[in-house]
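Colleague: Just a sequence and a predicted model for now, questions to come.
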Amino acid sequence: MCSSTNRRWPSGRDFRLPVNRARIARIGFIGLGGQVKVSRWIALAGLAALVATVSTSAALGGSSKSSTKASGYSAALISDIAGFNDNGFNKNQLKGLNEAAKKVGGTAISEVSHNTSDYAPNFNAAIRKGAKLVIAAGFLLAGTEATYAKKFPNVNFAITDYPVEAPPFADKKGKVLPQFQHNVEGITYAANESGCLVGVLAAKMAKKLGGNTIGAVGGLKIPPVDIWIAGYRYCANKAVPGTKTIVQYSNDFSAADKCQTVAENEIGQGAKVLFQVAGGCGLGTLKAADDAKIWGIGVDADEYNDAKRVLTSATKKTDVGVYDTVVAAAGGQFKGGTDLVFNLKNHGVGVGKINPVVPASWIKLMNQYRSKIVAGTLKVPSALG
């Protein structure tokens, strides 16, 4: 039986998500509206493998150390290079880890990565401290996690924004490799669905401002970034036919000035709304929108208060993903070779606070898109074509 946990979100409303409610064995790939093709993940697996090689060569010794003292089950979280002060993606996962440790009376171990060479030392540190579950906070840690999952078969591993049915955990056909079938889980999000909803508002705002162009500033061109933009672009054009979406990348998730430069370039091309999909770097995108007196859209967490002209945010509850994974594992419900899937239907993704400038009619339209997605009658692409 699955237990339930009361959750409260920034909007102030109660959110109740049963532990393991989102679990789907052998799901294929994320997204109600189309699958992320295996070939796309294979193409990116080389990047993860390269990162793993560089990281593992630096292995012994931890880059950072932190733990919440308690007895019992120990779970660890290893950040990506943006660290835990990114106000969103990594920070929320740490929140979920700490809350789960408190729930089960266990120990939360957090390891901060300042660069990719910290990944392997951090995995070593987590395992050395007795972690029974090690969670990698993002896509780029996949190669390193695969190395350690194979090396430590008695330790459980999970990874955010990466399906186990993709290399290096699976073969080219999406079949999970035997060595990972028992001790690796994916924590995935149908971010294309959330991206769709904010795309509707972006297109309507661009039209109101006398244009037909919106923009997206991504961090890296990787599937967990492009899935947001795919939904954003698709539904913007569906809501207001002829809407053009400019897509560019900063190649960074931390340096706000880099995203600001990319954003200013898109503004110069006529973008009236900018969707930031670059973590802490994306705060520069929101600043550029402020400076140009257009509108910005946040990502991951509710970024309404991070700039003056935030239209809304496309959110995903990474804290719930980590929380559910830890609580389930501590209760003996860890199932390797499967993915947890969070989407609009189970409230794992959504939309943050909406600016008062948005008319009720736009919100009604957005909610119509939401209903169609949940019902399965609207299929939103999860990759950029």
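Modeller: Yep, it's here. These numbers were taken from a predicted model, which means no experiment stands behind them.

Colleague: the domain parsing of the chain - what is it?
Modeller: Domain assignment for the chain, taken from automatic domain parsing, gives 4-189+318-342, 191-316+355-375.

Colleague: how far does the last one stretch from start to finish?
Modeller: Between the start and the finish of domain 191-316+355-375 there is a gap of 17 Å, counting by Cα to Cα, to the nearest Å.

Colleague: Stretch 179-190 now?
Modeller: In stretch 179-190, first residue to last residue: 27 Å (Cα to Cα).

Colleague: one step back: any idea which of the domains of the chain has the lowest pLDDT on average?
Modeller: Ranked by mean pLDDT, those end with domain 4-189+318-342 at the bottom, a mean of 78.

Colleague: re the thing from before, just say which of the domains of the chain is most tucked in.
Modeller: Stretch with highest mean neighbour count among those: domain 191-316+355-375 (a mean of 23; mean count of other Cβ atoms under 10 Å). The way it works is simple: take the backbone N, C-alpha and C, and place the C-beta from them, glycine included.

Colleague: Quick one: the helices in this structure, in order.
Modeller: With DSSP state H as the criterion, the chain has helices at 38-56, 89-104, 119-128, 142-151, 191-208, 223-239, 256-268, 283-292, 318-330, 360-375.

Colleague: Which other helices and strands does the third one contact?
Modeller: Think helix 119-128. In terms of contacts (3 or more Cβ pairs under 8 Å, 6 or more residues apart in numbering; DSSP states H and E), helix 119-128 is packed against helix 38-56, strand 74-78, strand 107-111, strand 133-136, helix 142-151.

Colleague: re the thing from before, any chance of the helices of the chain in TSV, plus distance to G83?
Modeller: TSV is the format used below for the helices of the chain (distance: least, Cβ to Cβ, whole Å):
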stretch	distance to G83
helix 38-56	16
helix 89-104	6
helix 119-128	12
helix 142-151	17
helix 191-208	21
helix 223-239	17
helix 256-268	14
helix 283-292	14
helix 318-330	14
helix 360-375	33
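
Colleague: Nearest to V184, out of the ones you listed?
Modeller: helix 142-151 (5.1 Å; Cβ to Cβ).

Colleague: Kindly calculate the angle that that closest one makes with helix 119-128.
Modeller: 40 degrees (axes from the mean of the first three to the mean of the last three Cα atoms, to 10 degrees).

Colleague: Run the chain-centre distance for helix 142-151.
Modeller: Chain-centre distance of helix 142-151: 20 Å, with Cα atoms, centre = their mean, to the nearest Å.

Colleague: Then stretch 329-347?
Modeller: Put simply, stretch 329-347 sits 15 Å off its chain's centre (Cα atoms, centre = their mean).

Colleague: now stretch 352-369
Modeller: 23 Å.

Colleague: what about that stretch, how long is it end to end?
Modeller: 16 Å.

Colleague: now swap in stretch 238-250 and tell me
Modeller: Note: stretch 238-250 ends 27 Å apart using Cα to Cα.

Colleague: rewinding a little: could I get the domains of the chain as a markdown table with distance to A383?
Modeller: Output for the domains of the chain, formatted as a markdown table (distance: least, Cβ to Cβ, whole Å):
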| stretch | distance to A383 |
| --- | --- |
| domain 4-189+318-342 | 5 |
| domain 191-316+355-375 | 6 |
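
Colleague: And K364, how far from G350?
Modeller: To G350, K364 is 16 Å away according to Cβ to Cβ, to the nearest Å.

Colleague: ok so, going back, of all the domains of the chain, which one is nearest S382?
Modeller: Once the domains of the chain are compared by Cβ to Cβ, domain 4-189+318-342 is nearest, at 3.5 Å.

Colleague: In PDB, list the C-alpha atoms belonging to stretch 301-310.
Modeller: C-alpha atoms of stretch 301-310 as PDB (Å, rounded to 0.1, in the frame of the first residue of the first chain):
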ATOM      1  CA  ALA A 301      10.500  27.000  -9.200                       C
ATOM      2  CA  ASP A 302       8.000  29.900  -9.000                       C
ATOM      3  CA  GLU A 303      10.300  32.800  -9.900                       C
ATOM      4  CA  TYR A 304       7.500  35.400  -9.700                       C
ATOM      5  CA  ASN A 305       9.500  37.500  -7.200                       C
ATOM      6  CA  ASP A 306      12.900  37.200  -8.900                       C
ATOM      7  CA  ALA A 307      12.200  40.100 -11.300                       C
ATOM      8  CA  LYS A 308       9.700  42.900 -11.800                       C
ATOM      9  CA  ARG A 309       8.100  41.600 -15.100                       C
ATOM     10  CA  VAL A 310       7.600  37.900 -14.600                       C
END
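
Colleague: Specify the stretch among the helices of the chain that is closest to A166.
Modeller: Checking these against A166 by Cβ to Cβ gives helix 38-56 as the closest, at 3.5 Å.

Colleague: For the residue most central in space within the chain, which non-adjacent residue is closest in space?
Modeller: The C-alpha lying nearest the average C-alpha coordinate of the chain belongs to D161 (Cα atoms, centre = their mean; 5.4 Å). Excluding its sequence neighbours, the residue lying closest to D161 (Cβ to Cβ, 6 or more residues apart in numbering) is P224, at 3.9 Å.
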